[in-house]
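Peer 1: pasting a predicted model and its sequence here:
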Amino acid sequence: MSLIRKQNVFHAQPTQRTVRAALTLLIAVAPFAAAQTPLTHTPAADVIAANTHFDLPDSPGTLFTSSSSSADANFADPGYADPDGAQTPTGPRPKATAHLKMVVNPGEVAEPMPVRDKVVGGLANSVSIFSATGWLAAAGWEQLTNGSPNYGTDAGAFGQRLGAAATRGVSEDVFSNSLFAPLFHEDPRYYVMGAGHPFFKRLVYAGTRAIITRTDSGHKTPNFSLIAGNAAGSALTIPYYPAKNTTFGEVASTFGGSLGGSALGFVVNEFIVDALIELHIKKKQQQP
């Protein structure tokens, strides 16, 4: 009888953790779902026209444009744009970006991102080399500090941490970019401010993109999609993290770490090209 009872308890634990994960996920996402803006069908031409005043909060030096833009359209010089003020459009026409790119560099023009591109781009970005580097860094730090998830400190523990970091990272990226960005009508891409601005201004700008982004129409907004995506990914760690790391406090700590990791990722996106140039790995592009 005692053996049967133990078996029942053993089989009940995964079910209880799954139910708890589902409830935590619902609680984490509900506030953001309630804040969803109504779905609007704004033609691309209207979006472009609304953003020709050169003060987009998250696209310094970058304009929305359609692929059919005329050759005499106005474009900004990306090296001297100021996201907080107006400017006179000067300089050559920048090159257009690929639709699925999640990072827009100075000198590139970002077209409005349709839902399909957000979904496919988010899926591709979740398993990119950049993302995999983040998994390795997170697992390495957790192994070094013997932090959450607490699998131990041997080689097998590092493998478990790496798998957990990959699972968490992929789920957060897919939730943020492929699900919530379309739901909240937000642009999930990161727009690099570039070397034409002071270091500290770029650092603050990059670090705050985890909590501030823009809508598809170019208006500044809280980054609901990324925050909700990280919250959902953190809630889903309950089924596969060690039991001691699945309490409310531990899940909240995981969420805070994920949000900090997202901010760090934006900082890396902002300065990675500069670092590669300083290390003579990448050549500096000459301004025409």
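Peer 2: It's in.

Peer 1: low-scoring stretches of the stretch 1-150 of the chain, by residue?
Peer 2: 1-99 (pLDDT under 70).

Peer 1: try 50 this time
Peer 2: 1-12, 33-58, 60-93 (pLDDT under 50).

Peer 1: let me see the ranges of the helices in the stretch 151-288 of the chain.
Peer 2: For the stretch 151-288 of the chain, the helices defined by DSSP state H, counting those that start in this stretch occupy 155-173, 181-184, 199-207, 224-235, 248-278.

Peer 1: of all the ones you listed, which one is nearest Y190?
Peer 2: Between Y190 and those, the tightest spacing by C-beta to C-beta is seen for helix 248-278, at 5.1 Å. C-beta: built from backbone N, CA, C; applies to glycine.

Peer 1: re earlier: buried deepest among the helices of the stretch 151-288 of the chain, which one?
Peer 2: Across the helices of the stretch 151-288 of the chain, averaging neighbours per residue (mean count of other C-beta atoms under 10 Å) puts helix 224-235 on top, at a mean of 26.

Peer 1: what angle separates it from helix 248-278?
Peer 2: Orientation check (axes from the mean of the first three to the mean of the last three C-alpha atoms, to 10 degrees): helix 224-235 against helix 248-278 gives 120 degrees.

Peer 1: now do helix 224-235: which elements does it pack against?
Peer 2: helix 2-34, helix 155-173, helix 181-184, helix 248-278 (3 or more C-beta pairs under 8 Å, 6 or more residues apart in numbering; DSSP states H and E).

Peer 1: now do the shortest one, average pLDDT.
Peer 2: The average pLDDT for helix 181-184 rounds to 96.

Peer 1: the second one too?
Peer 2: With pLDDT averaged residue by residue, helix 155-173 scores 95.

Peer 1: other residues contacting that helix?
Peer 2: 122, 125-127, 131-132, 134-136, 138-140, 142-143, 149, 151, 229-230, 232-234, 236-237, 240-241, 254, 258, 262 (C-beta atoms under 8 Å, 6 or more residues apart in numbering).

Peer 1: and with 7 Å instead?
Peer 2: 122, 125-127, 131, 134-136, 138-139, 142-143, 149, 151, 229-230, 233, 236-237, 240-241, 258 (C-beta atoms under 7 Å, 6 or more residues apart in numbering).

Peer 1: any of those buried? List them.
Peer 2: 122, 125-126, 131, 134-135, 138-139, 142-143, 149, 151, 229-230, 233, 236-237, 240-241, 258 (16 or more other C-beta atoms under 10 Å).

Peer 1: what's near enough to touch F266?
Peer 2: F266 touches Y190, A206, G207, R209, A210, counting by C-beta under 7 Å, 6+ apart.

Peer 1: any idea how far K244 lies from H197?
Peer 2: 44 Å (C-beta to C-beta, to the nearest Å).

Peer 1: who has more neighbours, these two?
Peer 2: H197 (19 against 10; other C-beta atoms under 10 Å).

Peer 1: measure the more buried one to S225 for me?
Peer 2: Relative to S225, and taking C-beta to C-beta, H197 is found at 25 Å.

Peer 1: what's the answer for S128, then?
Peer 2: Taking C-beta to C-beta, one finds S128 at 18 Å from S225.

Peer 1: next, format the contacts of F266 as a markdown table and append pLDDT.
Peer 2: Shown next, in a markdown table, are these (pLDDT from 0 to 100):
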| residue | pLDDT |
| --- | --- |
| Y190 | 94 |
| A206 | 95 |
| G207 | 95 |
| R209 | 96 |
| A210 | 96 |
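
Peer 1: farthest pair within those residues?
Peer 2: Going by C-beta to C-beta, the pair spanning the contacts of F266 furthest: Y190 and G207, at 11.7 Å.

Peer 1: how far away is the nearest residue to S148 once chain neighbours are set aside from A252?
Peer 2: For S148, ignoring the flanking residues on the chain, the nearest one in space by C-beta to C-beta, 6 or more residues apart in numbering is N245 at 4.7 Å. Distance of N245 to A252, computed by C-beta to C-beta: 11 Å.
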